[in-house]
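>>> Test case, fold it:
(2 chains)
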Amino acid sequence: MEALGVTLTIFALAVLLGFEVISKVPPTLHTPLMSGSNAISGITIVGALVAAGHGSTVTSTVLGFAAIVFAMINVVGGFLVTHRMLRMFRRKDNP
Amino acid sequence: MRLGLVNLAYLLGAVLFVVGLKGMSRPRTAVWANALGAIGMLVAIVATLFLSGIVQWWVIVLGLLVGSIAGTVLAVYVRMTAMPQMVGLLNGFGGGASLLVGAEALFHPETFSTQMLVATAASGLIGAITFWGSLVAFAKLQEVVIGGNPVLLPGRHVLNALLAVACLALAVWLVLDPTNPAMYWLLALAASLLGIGLVIPIGGADMPVVVSLLNSYSGMAACATGFVIQNNMLIIAGSLVGAAGLILTNIMCKAMNRSLANVVFAGVGGDAAGGPKADDVYAGKIKSTSAEEIAMLLEGARRVVFVPGYGMAVSQAQHAVRALAAMIEKTGAVVEFAVHPVAGRMPGHMNVLLAEADVPYDQLKDMDEINPTFQQTDVVIVIGANDVVNPLARTDPSSPIAGMPILDVDKAKTVIMIKRSLSPGFAGIPNPLFALDNTLMYFSDGRKAIQAIVTAMKEAA
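You can find the predicted model right below:
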């Protein structure tokens, strides 16, 4: 029960931190923010690695493998496509 | 010792995520910020591989390879105009991963506790809604299988409510009796249907809200998964993304003067609502123009503003628009772009397209900044936008877009509307702007129209 208290504290603080950090993003960057944060939500890869690594049964290995593939598409696709977009943004005086 | 080091690495990863997201708020730092986020992810992945109990290396290496290759191919080959569906699809994969990790966790009875089981149910529930909701959003944006218009099933509210109740009941059942994995898959099935049912009635122009909401869900799913495997890294990163998605969702709703509930449940769009009839609004008042006339107007203009909308994306006109803008600037005029927050199909859609065409971002102005300047603007060129420049939003309280903040282009000296026909926009209502004295209609495909104006300007010069 004590562990749950700590976890919930971390959760609440992280949500508040998220609102503080992200509240002011100019409209120009709305899409990259979305795809970049989307890549970060691929952090489920950590859970997927643990799941696949255990490998207690065939079913659980298959589930873990599929989870790794899904999360990795999210991570790699997300960061790369964000990078592609952000590289296009430039200022007028800096061609 | 080893676990301690892994946890320190997770802390480093979480810090990199926070710093990365912070840096996303300025164009100058954003490229680096994104790279920092990617490094944070790499740190988290490598650290996880050092956890004890990970034995099946070939599964992991193969999975990482397959996912990385697929992700790279998607990211490298997607066209900028297809970015909304790409973001939607990637969201879905994140949700799907949470669903699968939750399923696998049920194979380890030694970890069961009430808290863990509640989290597993949440992981499966949110993961499945995100996965299927995102796939439907993808299909709508790509216009495969289903079109972009809302699909309104009779009794859909009752159906969705029943599905939601079923989801909750199955979740409770799963927590009480976790030994039966079939219960998890039943829960996933109900949540999948709910995900489809929630997104399928929502029409094209409301997609910016849906895409950012699903983005938030994918974060919440990751967060729930963090509670399943007791991993703070997932909880922190998932919360950050959940918050980011909610902020964007809120900005999009405000830009349409609608509540989130109205966007999600009303199924707006498609067919005409009440209000004035198109024939009454337009009868005898429409003036159509030619590329030559527009070229002449532009020659004499000192200040020109482009207003892009979804139509610019559809006709792939962004490069032509950029060429025309450069040409007008050569005559000494000031050229700016007015971007409405919900123009297009995702937050910031127009900004990405114009950036692709090499338009500098400081030339793109948001609504609050550009609206006071329309009175001093000689020519406004509206390309592929409709509802976001409809003055009815200001004047007709019964209109479906009443109170929506719009771009006040009608205050400019001349407004040029580039449009294929007089057909209504997404809201299904006529636009009195077309009938104003200072409005000229140029009926054509967006890109062809801009190219014709470029040619006409060249010939005149």
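>>> Tell me the pLDDT of the residue nearest to the spatial centre of chain A.
In chain A, the residue lying closest to the centroid (CA atoms, centre = their mean) is residue A:40, at 1.6 Å. pLDDT recorded at residue A:40 is 95.
>>> Show the average pLDDT along stretch B:253-267.
82.
>>> What are the buried residues along it?
Neighbour counts over stretch B:253-267 (16 or more other CB atoms under 10 Å in any protein chain shown) mark B:253, B:255-256, B:258, B:263-264, B:266-267 as buried. The C-beta positions use only the backbone N, C-alpha and C, and glycine is treated the same way.
>>> Closest one to residue B:304 out of those residues, please.
Nearest to residue B:304 out of the buried residues of stretch B:253-267 is residue B:255 (CB to CB; 24.2 Å).
>>> For that closest one, list the residues it contacts.
Neighbour list for residue B:255: B:340-342, B:367, B:404-405 [criterion: CB atoms under 8 Å, 6 or more residues apart in numbering or on different chains].
>>> Check which helices and strands the longest helix along chain A is in contact with.
Selection of the longest helix in chain A by residue count, based on DSSP state H, yields helix A:58-88. If contacts are counted by 3 or more CB pairs under 8 Å, 6 or more residues apart in numbering or on different chains; DSSP states H and E, helix A:58-88 sits against helix A:30-40, helix A:44-54, helix B:27-49, helix B:57-77, helix B:83-105, helix B:349-356.
>>> What are the buried residues along it?
A:60-61, A:63-86, A:88.
>>> just stretch B:279-286 next, same as before
Buried, per 16+ other CB under 10 Å, within stretch B:279-286: B:281-282.
>>> roughly how far out does it sit from the chain middle?
With CA atoms, centre = their mean, to the nearest Å as the basis, stretch B:279-286 stands 34 Å off its chain's centre.
>>> what pLDDT, on average, does it get?
Stretch B:279-286 shows a mean pLDDT of 82.
>>> Span of that stretch from start to end?
Stretch B:279-286 has an end-to-end distance of 11 Å (criterion: CA to CA, to the nearest Å).
>>> cool, stretch A:14-30 as well?
21 Å.
>>> Buried ones in that stretch, by neighbour count?
Buried residues in stretch A:14-30 (16+ other CB under 10 Å): A:14-15, A:17-18, A:21-22, A:25-30.
>>> what sits up against that stretch?
So stretch A:14-30 is contacted by A:33, A:37, A:89, B:18, B:21-22, B:24-27, B:30, B:235-236, B:239-244, B:246-248, B:251, B:339, B:341, B:346-348, B:351, B:355, B:361, B:364, B:366 (CB under 8 Å, 6+ apart).
>>> any low-confidence regions in the chain?
Just going to use chain A. Residue ranges of chain A with pLDDT under 70: A:1-2, A:93-95.
>>> wrong chain, I was asking about chain B
B:1, B:147-148, B:267-275.
>>> how about 50 then?
For chain B, the stretches with pLDDT under 50 are B:271-272.
>>> Spit out the contact partners of the residue sitting nearest the centre point of it.
Geometric centre of chain B, nearest residue: residue B:346, 2.3 Å, by CA atoms, centre = their mean. Residue B:346 is in contact with A:30-31, A:34, B:83-84, B:87, B:207-208, B:211-212, counting by CB under 8 Å, 6+ apart.
>>> can I assume it sits in a helix?
No - in this structure, residue B:346 is coil, not part of a helix, as judged by DSSP: H, G, I helix; E, B strand; the rest coil.
>>> quick one on the thing from earlier: rebuild the helices and strands packed on helix A:58-88 as a markdown table, extending it with distance to residue B:413.
Below are those laid out as a markdown table (distance: least, CB to CB, whole Å):
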| stretch | distance to residue B:413 |
| --- | --- |
| helix A:30-40 | 31 |
| helix A:44-54 | 54 |
| helix B:27-49 | 32 |
| helix B:57-77 | 44 |
| helix B:83-105 | 34 |
| helix B:349-356 | 24 |
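>>> looking at these, which is closest to residue B:307?
Closest of the helices and strands packed on helix A:58-88 to residue B:307 is helix B:349-356, at 9.4 Å (criterion: CB to CB).
>>> Buried residues, that closest one. List them.
Neighbour-count burial for helix B:349-356 flags B:349-356 (criterion: 16+ other CB under 10 Å).
>>> Same check on stretch B:414-424?
For stretch B:414-424, the neighbour count (16+ other CB under 10 Å) marks B:414-419, B:422, B:424 as buried.
>>> Report the contact partners of the nearest residue to residue B:352 once chain neighbours are set aside.
Among residues not flanking residue B:352 along the chain, residue A:31 sits closest, at 4.8 Å (CB to CB, 6 or more residues apart in numbering or on different chains). Applying CB under 8 Å, 6+ apart, we find residue A:31 in contact with A:85, B:83, B:87, B:346-349, B:351-352.
>>> Kindly reformat the residues you listed as CSV and extend each row with distance to residue B:102.
Formatted as CSV, the contacts of residue A:31 follow (distance: CB to CB, whole Å):
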residue, distance to residue B:102
A:85, 31
B:83, 29
B:87, 23
B:346, 28
B:347, 29
B:348, 32
B:349, 33
B:351, 36
B:352, 33
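>>> Residue B:302: which of the residues you listed is nearest?
Looking across the contacts of residue A:31 and measuring by CB to CB, the closest to residue B:302 is residue B:351, at 25.3 Å.
>>> any idea how far residue B:359 is from residue B:346?
18 Å (CB to CB, to the nearest Å).
>>> Kindly apply the preceding question to residue B:79 instead.
From residue B:79 over to residue B:359 (counting by CB to CB), the distance is 17 Å.
>>> Please compare those two by neighbour count and tell me which comes out ahead.
Set residue B:79 next to residue B:359 and count neighbours by other CB atoms under 10 Å in any protein chain shown: residue B:359 wins out with 27 against 9.
>>> Phi and psi next, for that one.
Backbone dihedrals for residue B:359, given as degrees, to the nearest 10, come out at phi -80, psi 120.
>>> Report how many residues lie close to the nearest residue to it once chain neighbours are set aside.
Of all residues not flanking residue B:359 in the chain, residue B:322 sits nearest, at 5.4 Å (CB to CB, 6+ apart). Around residue B:322 there are 20 other residues, counting by other CB under 10 Å.
>>> Tell me, how many residues neighbour the closest residue to residue B:56 other than its chain neighbours?
Closest residue to residue B:56 apart from its sequence neighbours, by CB to CB, 6+ apart: residue A:55 at 3.9 Å. When counting by other CB under 10 Å, one arrives at 21 neighbours for residue A:55.
>>> any idea how far residue A:55 is from residue B:291?
66 Å.
>>> What of residue B:184?
With CB to CB as the criterion, residue B:184 and residue B:291 are 62 Å apart.
>>> Show me which of those two is the more surrounded one.
Neighbour count, other CB under 10 Å: between residue B:184 and residue B:291, residue B:184 has more, with 23 against 20.
>>> give the contact list for the more buried one.
For residue B:184, the contacting residues are B:102-103, B:106, B:120-121, B:124, B:174, by CB under 8 Å, 6+ apart.
>>> Helix, strand, or coil at residue B:312?
With three-state DSSP as the basis, residue B:312 sits in helix.
>>> That one reaches residue B:446, doesn't it?
Yes - contact status for residue B:312 versus residue B:446: in contact at 5.6 Å, counting by CB atoms under 8 Å.
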